[in-house]
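1. Could you look at this predicted model? Sequence included:
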Amino acid sequence: AAPPEVQATEGKSSFRLSSSIRAHELPINNVQLHPGKPMVASASDDRSWRLWALPVGQMVLTGEGHSDWLSGCSFHPDGSKLATTSGDATVRLWDVCGGRCVVILSGHTQITWGCSFHSCGHFLASCSSDGTARLWDLNRHRCKLTLRRHTASVNSVSFLASSNLLLTCSADKTLAVWDARLGVCTSTFKGHQSPCNHASFSAETHAVASCDTGGVVHLWDLRKPASPTAAVEAGPSSANQVAFSQSGRLLAVAGGDSLVRLVDVASCSVSRLMGHKRDVQSVTFDHNGDSLVSAGSDGLILTWS
């Protein structure tokens, strides 16, 4: 049976805009919260990443060295390092204390879109327009595995919490789950009609969410990949990124129409947060689920509480 389709409606949200940071003059493509401190990292078209103290919005640090725009960033589990991806096809590792680049990982042949640390901190996964995901051994500074299955750009990659499973999504309209120890694809998720931009998972509920360029968000059960459990229509603008709250009950969607949407996962009811002036590129919940951080092409980082 086809999953229920839900049209996004104007709903009331319990989240309200609490702070705004003018973080970059050019678009922000990704934001990530520090795992242990009230800080957020931003990755921008201006070829830099910046670290901001929350909620005051004071810049703590900036890092420059990529030769092209930054597409993504990810914190090491202990918060000591930040990994970044870029239009220059490299992955860089930065010391968060001093802001200097400590490792450059080369091997992808096209834009790197995103990266994710294994919970042990010794491995980093990255994805690229070259159609591959790579697993890097950070102790040896070399590629351990190249994951080939997708037939188009791999647009997001993320390790499932405290596991060796890796989730990728692709412009080929599919998602894949991999055993990162063996480099083997264990399941494939098919259902999107448009290229997938991003996929995320809930450690609490075994749920997976994915979004595409047509604005459709699919919800899946990680244990039953055959078909989506629900589809939320948030278009016609692109849905750029998705993020679950800590409990897995809420899903945030970064919209190409300048809206942040909040989806109640149980009912698929949708509420909208208005504050960005251009398309929203990135969303993430804090570790308690009490606040939400969004960023976009207007160069703003907004916090919703």
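-> Everything's here; your move. Numbers count the residues shown, from 1 in each chain.
2. doesn't residue 134 make contact with residue 109?
-> No: counting by Cβ atoms under 8 Å, no contact exists between residue 109 and residue 134, whose distance comes to 10.9 Å. C-beta coordinates here come from the backbone N, C-alpha and C atoms, glycine included.
3. Relative to the helix or strand where residue 104 lies, what are the paired strands and their orientations?
-> Following DSSP states H and E, one finds residue 104 within strand 101-105. Within its sheet, strand 101-105 is paired with strand 91-95 (antiparallel), according to DSSP bridges.
4. mind listing what's buried in the strand it pairs with?
-> 91, 92, 93, 94 (16 or more other Cβ atoms under 10 Å).
5. Could you verify my assumption that residue 147 touches residue 132?
-> Yes: shown here, residue 147 and residue 132 form a contact pair, counting by Cβ under 8 Å, at 6.1 Å.
6. Near residue 295, how many residues? Count them for me, please.
-> Neighbour count of residue 295, defined by other Cβ atoms under 10 Å: 30.
7. actually residue 205, sorry about that
-> The number of residues packed near residue 205 is 15, by other Cβ under 10 Å.
8. Regarding it, what are the backbone dihedral angles?
-> phi -120, psi 0 (degrees, to the nearest 10).
9. Can you tell me the closest non-neighbouring residue to it?
-> Nearest residue to residue 205 in three dimensions, chain neighbours excluded: residue 248, at 3.7 Å (Cβ to Cβ, 6 or more residues apart in numbering).
10. One more: residue 135?
-> Among residues not flanking residue 135 along the chain, residue 145 sits closest, at 4.2 Å (Cβ to Cβ, 6+ apart).
11. three-state assignment of the one you found?
-> Three-state call for residue 145 (DSSP: H, G, I helix; E, B strand; the rest coil): strand.
12. you'd agree residue 216 is up against residue 195?
-> No: under the contact definition of Cβ under 8 Å, residue 216 does not touch residue 195, with a separation of 10.9 Å.
13. Neighbour count: those two, which is higher?
-> Here residue 216 and residue 195 are set side by side on neighbour count (other Cβ under 10 Å), and the busier one is residue 216, at 23 against 18.
14. Surely residue 164 and residue 184 touch.
-> No: checked against Cβ under 8 Å, the pair residue 164 and residue 184 is beyond contact range at 10.8 Å.
15. More neighbours: those two, which one.
-> Counted by other Cβ under 10 Å, residue 164 and residue 184 do not tie: residue 164 has more neighbours, with 15 against 12.
16. who's in contact with the more buried one?
-> 118, 179, 180, 181 (Cβ atoms under 8 Å, 6 or more residues apart in numbering).
17. from those, which two are the most distant?
-> Checking the contacts of residue 164 against each other with Cβ to Cβ, the farthest-apart pair comes out as 118 and 179, at 12.5 Å.
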